[in-house]
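Chemist: All I have is the shape, not the residue letters:
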């Protein structure tokens, strides 16, 4: 067993302490200045797990990890918009008594290009939630499920007008005009979608003109911020 002179031992201990403190400070600095790296890697991990379980036909676990990936991204958005995005728990309802829709979900999750979904500030994951809402609408699932999916899309990409107006239009379709107006007023708090939401209030809500579900989807490829 090695033995050190007391002065040598103190010097080694002091040196190791300094190295540890420097390493710890660098780690803390990196975690504070590079939060996007950690959140992106966590999102990517959860998306890979979701796709793995979708390939194994385990929809419950596939959705569980899809929720986790989404939660990371919404928490990141909440940091960007602390006064606009509330505390929100992502919850994706399992299809209601529909083996066909279960398989549609599995196929959909398995087909996702996760390399396009995990990056912070990208609206691509929000688009997938919007698409899932449309799928549920086409399969006559509950309105609560659709509303929940589209609300999640908004919190993932609040600067995109499409998600605000689609959710408002669906409330409008359900004859819940007060809720539709409330969602549009929330949209007005964001810079980029504000004008488009104002137009929807003027040209649709005030004139009682409803749009077909998915009416803005054609703009998805072209819109940056509408």
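Modeler: Everything's here; your move. Keep in mind it's a predicted model, so treat the numbers as computed, not measured.

Chemist: what helix or strand is residue 72 on?
Modeler: Residue 72 is part of helix 59-80, with elements assigned from DSSP states H and E.

Chemist: I'd like the next helix or strand past that helix.
Modeler: Counting by DSSP H and E, the element after helix 59-80 in chain order, helix or strand, is helix 99-111.

Chemist: could you say what helices and strands whichever helix or strand comes after that next one packs with?
Modeler: Moving toward the C-terminus from helix 99-111, the next helix or strand (DSSP H and E) is helix 124-138. Applying 3 or more Cβ pairs under 8 Å, 6 or more residues apart in numbering; DSSP states H and E, one finds that helix 124-138 contacts helix 59-80, helix 99-111, helix 143-156, helix 161-173. (Each C-beta comes from the backbone N, C-alpha and C, glycine too.)

Chemist: got the contact list for the helix holding residue 72?
Modeler: 35-36, 39, 42-44, 46-47, 49-54, 85-92, 94, 102, 105-106, 109, 117-118, 120, 125, 129, 152, 155-156, 158 (Cβ atoms under 8 Å, 6 or more residues apart in numbering).

Chemist: Among those residues, name the buried ones.
Modeler: 39, 42-44, 46-47, 49-51, 53-54, 85, 90, 92, 105-106, 109, 117-118, 125, 129, 152, 155-156, 158 (16 or more other Cβ atoms under 10 Å).

Chemist: Just confirm residue 132 contacts residue 109, I think it does.
Modeler: No. Counting by Cβ atoms under 8 Å, residue 109 is not a contact partner of residue 132; they are 9.3 Å apart.

Chemist: Now list whatever residues contact both of those two.
Modeler: Between them, residue 132 and residue 109 share no contacting residue, judged by Cβ under 8 Å, 6+ apart.

Chemist: pLDDT score for the residue lying closest to residue 196 once chain neighbours are set aside?
Modeler: Closest residue in space to residue 196, ignoring its immediate chain neighbours: residue 161 at 3.8 Å, by Cβ to Cβ, 6 or more residues apart in numbering. On pLDDT, residue 161 comes in at 96.

Chemist: Just read off the phi/psi values of residue 200.
Modeler: phi -70, psi -40 (degrees, to the nearest 10).
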